[in-house]
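Participant: Build me a structure from this.
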Amino acid sequence: MIAQIAKTSLLSLGAGFMCQLAQDWLASQYFNEFLRANLINILIALLAVNSATMGIVLTKIRELIEKHGHGDAFQQTREQFLLSVKEQVALIGVAIVLLTVSQSKYLKDIPNVGMFFGSAIAAVFVYSMTILRHSKGCFDHH
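Facilitator: Here you go, the predicted structure:
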């Protein structure tokens, strides 16, 4: 589980950094401005969608367990659902901290601080999209 989180974090940071490089090459700040204005709302909406989907799936799992038994067969599924919720809540907290600190007047004179925070904020967005992709993947294997 920790290895999975570390791998996703590193991949997300790499993708976030690539987004920042692309913005620099294009001389655009659209993505940064978009995330500053919308990231928290996006993360909360994804948490709501994930929670609603999990509610439906867990209801079906409970029906299967009541009908056929073998409740332990779904233990890994439950653990993954719980992990995704914990990750999403943590991402909301991290996003709030990053967005707040990135706007600090005390940091503006530090070289490349904008690239650092832009990459980290973009990484939060990429990580949240990864969670969405993984939760969608749960339902592809009927």
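Participant: And the residue nearest the centre of this protein?
Facilitator: The centre of the chain sits closest to Ser128, judged by C-alpha atoms, centre = their mean, with a distance of 2.0 Å.
Participant: what helix or strand is that residue on?
Facilitator: Using DSSP states H and E, Ser128 falls within helix 113-137.
Participant: and that helix, which residues are buried?
Facilitator: Under the neighbour-count criterion of 16 or more other C-beta atoms under 10 Å, helix 113-137 has 114, 116-128, 130-131, 135 buried. All C-beta spots, glycine's among them, are computed from the backbone N, C-alpha and C.
Participant: same thing with stretch 95-109?
Facilitator: Quick answer for stretch 95-109 (16+ other C-beta under 10 Å): 95, 98-99, 102.
Participant: quick one: which two of those are the most distant?
Facilitator: Distance extremes for the buried residues of stretch 95-109: the farthest pair is Ala95 and Ser102 at 10.3 Å, using C-beta to C-beta.
Participant: list residues touching both of the two?
Facilitator: Residues touching both Ala95 and Ser102 by C-beta atoms under 8 Å, 6 or more residues apart in numbering: Ile121.
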